[in-house]
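Trainee: Sequence and predicted structure, then a few things I'm wondering about:
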Amino acid sequence: MSIKFPPISGKLPVFMHGADYNPDQWQHRPDVLEEDIRLMKLANCNVMAVGIFAWAALEPEEGRFEFGWLDDVLDRFADNGIYAWLATPTGARPTWMSEKYPEVLRVSANRVRNLHGMRHNHCYTSPVYREKTTIMNAKLAERYANHPAVVGWHISNEYGGECHCGYCQDAFREWLRLKYGTLEALNHAWWTSFWAHTYTSWSQVESPSPHGENMVHGQNLDWRRFVSDQTIDFLRHEIMPLRAFNLELPTTANLMDLFDGIDYRKLADAIDVISWDAYPTWHNESDDSKTAAWFSFNHDLFRSLKRKPFMLMESTPSLTNWQPVSKLKRPGMHRLSSLQAVAHGSDTVQYFQWRKSRGSSEKFHGAVVDHVGHEHTRVFRDVAELGETLAGLTEVLGTPANARVGIVFDWDNRWAVRDAQGPRNMGIGYENTVVQHYRAFWSLGISCDIIGSEDDFGQYDLIVAPMLYLLREETGQRLERWVEAGGTLVSTYWSGIVDENDLCHLGGFPGPLRKTLGIWAEEIEGLPAHDRNGLVYEAGNTLGFSGTHEVHEICELIHSEGAEVLAVYADDFYAGRPALTVNELGAGRAFYLAARVMDDAFYQEMYEGITALAGVSPSIDTVLPHGVTLQTRTDGEFDYVFVLNFSGSPQQVRLDGAGYTDMEDGAIVAEPAIELPLHGVRILKRTARGVKK
Ligand code: GLA
Ligand code: ZN
């Protein structure tokens, strides 16, 4: 039985390949627009994201709309087999609008209103901005929702930021009123009795400010949630008029790697397909594996938001122009990093941008077509070749991943843990910690989903939840039941500390997980940069490991309450006390790592042991060279195993038997091992090894 998802658009049931396209910048050069079509075909591009910042071209003055140029572009596309993600232009507003309606401009946390300029500089609450958006989006939908070239809606651009204007203050108070009902409930949840911060009327409540309130953790957390909800509300507001003319057309919004400002898990419900913008800085370190793992983590996160294929909406065909230093992609890297996205579940490879703009702040940002204007460039050839490769992979389209490991990564938790004012305020390192755990799986070639603590755990054999500082009582109970039923849980220091209101759990940490983990965390300390401790494996421990690993930054002092002590601290007054434990509970077990271990090798070894216990294995039963990883997509009948080499040198990977076909040349892989050139990637097909329901 096939478990494939349908293509993102039935109009284009192949891998989408293309770029952001800004014909609005070239209206005075019809010859350039004509030439673009020829070049798009040559580059094996079949899709463009059009009109992302085109408001001034679409509505040059209030109420006067100009669609002729866009008609021409889309008609030409339709005639030439090129498709469009049509954008709503709300990522930047025209100057006349800021001039006539200053309320559309954002107010900063210091309560000063911004001037016109930049992009993404508008208030998501402003009634005028919402009204103008509705008018514009309705006109676009009326005209183009059924255009043959249009495959979907690209809603705005990289939503983010916050506004502290009067409208936003009122909306925040309304949001709080709905959430808490009474001021009494709000005061309790925010623990405002501290420092006499008790609110006695709703009108006293404001957004946090550097020169005002910023110490009430519950208030800060609710503000973050409000900003996120309000942005998502604006997104829904944008989509409403689009739906009126064609219910079928999918919507997407381009997201950003580990973006902090919006709870993407909530945003995911508002759109049909997830897309995101990936800009790795390749070749900055001796090997690219850390960079690659960071981006793999993000690909997995974006796939997991809807547990279905996503889109790589932007990536650069060569370099960016906004990173501290911009290196060119070495030969092979364009193919490798593009196929990395596909390996993790992307059904598109798209770029920013099609053609370099001639002026302004992105004129040196990489593009498929450079200022020279022709196709005889290295970058153009790379793009065209990738288009050919993608065309040969159509059977992979729509196939899901088959991860049996879930790594928990929560926005609520990010916001709360960073605001904690606890043992380490010079960087609590939540994101880096989660990714360090993830890197172990990346190195072992084991696929992971990146999930939220409120998601269903049922489909996983192993759940890793590092630093789950904000832990709801209910999540603790669900994890306990899931472990009892046979799951393997890995938790770490600084978990189960506060509830959803940022109020500490009383009665001993890690709060709702204390019984599951079989430990009590009594104290925690932060270590200054130069301080070290050690984690020493106990003789005869269940994992069978030995040796000492360096520990830094955070050490928690825990007591076993029934858990087996696998390793202890090496130094200081707490030498000999537990640093790594495992607790058997029902048919499952729960590990607890009390300290932050420095080296990746520790995590890799630990997870090799833990995955073996949990019955989770890599896609190919082999030992991978450093910097090489595996990612697998499957339709239930065939597995597509991507072998990706980020090591910075040629590598060999031993296979675990026969039955592999190379997807690109169709040849049966005869050798016991495959060769991977520098920055190489091979895509292997085999009979599926079983999908877990
Ligand atoms: C973002 C934006 C694009 C462009 C690129 C440049 O992803 O969405 O409009 O500015 O960055 O890398
Ligand atoms: Zn506002």
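Mentor: Good, I have the coordinates. Ligands and ions are numbered 1, 2, ... in the order given.

Trainee: Write out the residues of the stretch 201-350 of the chain neighbouring ligand 1.
Mentor: By C-beta under 6 Å from any ligand atom, the residues of the stretch 201-350 of the chain that approach ligand 1 are 277, 279, 314, 320. Every residue, glycine included, has its C-beta placed from N, CA and C.

Trainee: Doesn't Asp31 belong to a strand?
Mentor: No: assessed with DSSP: H, G, I helix; E, B strand; the rest coil, Asp31 is helix; it does not lie in a strand.

Trainee: Ligand 1: which of the residues of the stretch 201-350 of the chain next to ligand 1 is nearest?
Mentor: In terms of C-beta to the nearest ligand atom, no member of these lies closer to ligand 1 than Asp277, at 3.9 Å.

Trainee: Could I get the phi/psi values of the closest one?
Mentor: The phi/psi pair for Asp277 (degrees, to the nearest 10) reads phi -110, psi 120.

Trainee: Tell me how far the closest residue to it other than its chain neighbours lies from His365.
Mentor: Using C-beta to C-beta, 6 or more residues apart in numbering and skipping the chain neighbours, the partner closest in space to Asp277 is Glu314 (3.7 Å). Counting by C-beta to C-beta, to the nearest Å, the gap from Glu314 to His365 is 11 Å.

Trainee: circling back to that earlier point, dump the residues of the stretch 201-350 of the chain next to ligand 1 to TSV, plus distance to Gly508.
Mentor: As requested, those are arranged in TSV below (distance: C-beta to C-beta, whole Å):
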residue	distance to Gly508
Asp277	43
Tyr279	44
Glu314	47
Thr320	48
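
Trainee: In helices only, show me those residues.
Mentor: Using DSSP state H, no member of those falls within helices.

Trainee: Using pLDDT, spot the least trustworthy of the residues you listed.
Mentor: Here the lowest pLDDT out of these sits on Thr320, with 94.

Trainee: For the residue nearest the centre of the chain, give its distance to ligand 1.
Mentor: What sits nearest the mean C-alpha location of the chain, by C-alpha atoms, centre = their mean, is Asn298, with 4.0 Å. Asn298 is 13 Å from ligand 1, where distance means C-beta to the nearest ligand atom, to the nearest Å.

Trainee: Centre of the chain to the helix or strand where that residue lies, how far?
Mentor: For Asn298, the element it lies in under DSSP states H and E is helix 289-306. Helix 289-306 sits 6 Å away from the centroid of its parent chain (C-alpha atoms, centre = their mean, to the nearest Å).

Trainee: then that helix to PDB, C-alphas only?
Mentor: In PDB, the C-alpha atoms belonging to helix 289-306 read as follows (Å, rounded to 0.1, in the frame of the first residue of the first chain):
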ATOM      1  CA  SER A 289      29.100  18.500   9.200                       C
ATOM      2  CA  LYS A 290      28.000  20.900  12.000                       C
ATOM      3  CA  THR A 291      26.400  23.300   9.500                       C
ATOM      4  CA  ALA A 292      24.800  20.400   7.700                       C
ATOM      5  CA  ALA A 293      23.400  18.900  10.900                       C
ATOM      6  CA  TRP A 294      21.900  22.300  11.900                       C
ATOM      7  CA  PHE A 295      20.100  22.500   8.600                       C
ATOM      8  CA  SER A 296      19.100  18.900   8.700                       C
ATOM      9  CA  PHE A 297      17.500  19.600  12.100                       C
ATOM     10  CA  ASN A 298      15.600  22.500  10.500                       C
ATOM     11  CA  HIS A 299      14.500  20.400   7.500                       C
ATOM     12  CA  ASP A 300      13.200  17.800  10.000                       C
ATOM     13  CA  LEU A 301      11.500  20.400  12.100                       C
ATOM     14  CA  PHE A 302       9.700  21.800   9.000                       C
ATOM     15  CA  ARG A 303       8.700  18.400   7.800                       C
ATOM     16  CA  SER A 304       7.400  17.500  11.200                       C
ATOM     17  CA  LEU A 305       5.200  20.500  11.500                       C
ATOM     18  CA  LYS A 306       2.700  18.800   9.300                       C
END
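
Trainee: Which strands or helices does it pack on?
Mentor: Using 3 or more C-beta pairs under 8 Å, 6 or more residues apart in numbering; DSSP states H and E, the elements in contact with helix 289-306 are helix 264-267, strand 273-277, strand 310-314, helix 333-343, helix 430-444, strand 448-451, strand 628-634.

Trainee: which stretch among the ones you listed comes nearest ligand 2?
Mentor: Of all the helices and strands packed on helix 289-306, it is helix 264-267 that lies closest to ligand 2, at 18.9 Å by C-beta to the ion.

Trainee: Give me the mean pLDDT for that closest one.
Mentor: Across helix 264-267, the average pLDDT comes to 98.

Trainee: now swap in stretch 667-679 and tell me
Mentor: 94.
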